[in-house]
Every structure is written in C-alpha cells, then in structure tokens.
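[1] can't give you the sequence, but here's the structure:
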C-alpha cells in the first residue's frame, strides 16, 4: 500500500530555490518513502523533534551532494504521511 505524501509548510520552504532537477530527485525519494515508511523511516530521537519519524536520503546534482532528512508522522487517516519539516546540508561529492 502506498501512502499519500503531504508536505507541510516548513518542508515546502526547504525546497524553494532548489533546482527543478534536484526537486524531482527529492520527490522520487519521497515516493520511495511512501511505498514503505515503516521500513525506511526511523523513530525521531533527541535532538530531533520528538514527534514521528525521520527518513534520510541524498541526491547528487552538479557535483554537489545534498543530504536530506525528512521529519514525518502518520496522519489520523492512516493513509497519509505528513512531511512536517526537512533539513538539507551540502558537501562536495
């Protein structure tokens, strides 16, 4: 069962300004998460927000590695995961 993925305002703003190609790679990673969020995610523990789970992934674009961490939780409908925030760091690949 694939889950529906929603992005909260904080997660949305983390993607603003990124290349459309990079955003496409992020969307593909979130689609993978939607296929199996229980297996791909990890319980969020300190120093991360206490609610929900985290999902880490990376993308490489124009020689730069982008490391993402998505913070998400399951909504009450049990069919939707809400990405409430994301972090991104970069390094030369």
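    Structure received. All values derive from a computational prediction rather than experimental measurement.
[2] Direction included, what does whatever helix or strand residue 90 lives in pair up with?
    Assigned by DSSP states H and E, residue 90 falls within strand 80-92. The strands beside strand 80-92 in its sheet (DSSP bridges) come out as strand 4-7 (parallel), strand 64-74 (antiparallel).
[3] Quick check: mean pLDDT of whichever helix in the chain runs longest?
    Longest helix of the chain, by residue count under DSSP state H: helix 20-35. On average, the pLDDT along helix 20-35 is 96.
[4] residues contacting the residue positioned nearest the centre of the chain?
    Centroid check for the chain by CA atoms, centre = their mean gives residue 70 as the closest residue, at 3.1 Å. By CB atoms under 8 Å, 6 or more residues apart in numbering, the contact list for residue 70 reads 11, 30, 33, 54-57, 83, 85-86. Every C-beta, even on glycine, is put in place using the N, C-alpha and C of the backbone.
[5] so what's the backbone phi/psi at the residue nearest to residue 70 when sequence neighbours are not counted?
    Counting by CB to CB, 6 or more residues apart in numbering, residue 55 is the residue found nearest to residue 70 once chain neighbours are left out, at 4.6 Å. Main-chain torsions, residue 55, degrees, to the nearest 10: phi -140, psi 120.
[6] Buried ones among the contacts of residue 70?
    Neighbour counting by 16 or more other CB atoms under 10 Å classes 11, 30, 33, 54-55, 57, 83, 85-86 among the contacts of residue 70 as buried.
[7] In CSV: those, plus distance to residue 23.
    Output for those, formatted as CSV (distance: CB to CB, whole Å):
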residue, distance to residue 23
11, 12
30, 10
33, 15
54, 20
55, 16
57, 13
83, 13
85, 16
86, 12
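[8] for the residues you listed, which one is nearest residue 2?
    Nearest to residue 2 out of the buried ones among the contacts of residue 70 is residue 33 (CB to CB; 9.9 Å).
[9] how about residue 76, secondary structure?
    Reduced to three states with DSSP: H, G, I helix; E, B strand; the rest coil, the structure at residue 76 is coil.
[10] what's residue 43 in contact with, if anything?
    Neighbouring residues of residue 43 by CB under 8 Å, 6+ apart: 53-54.
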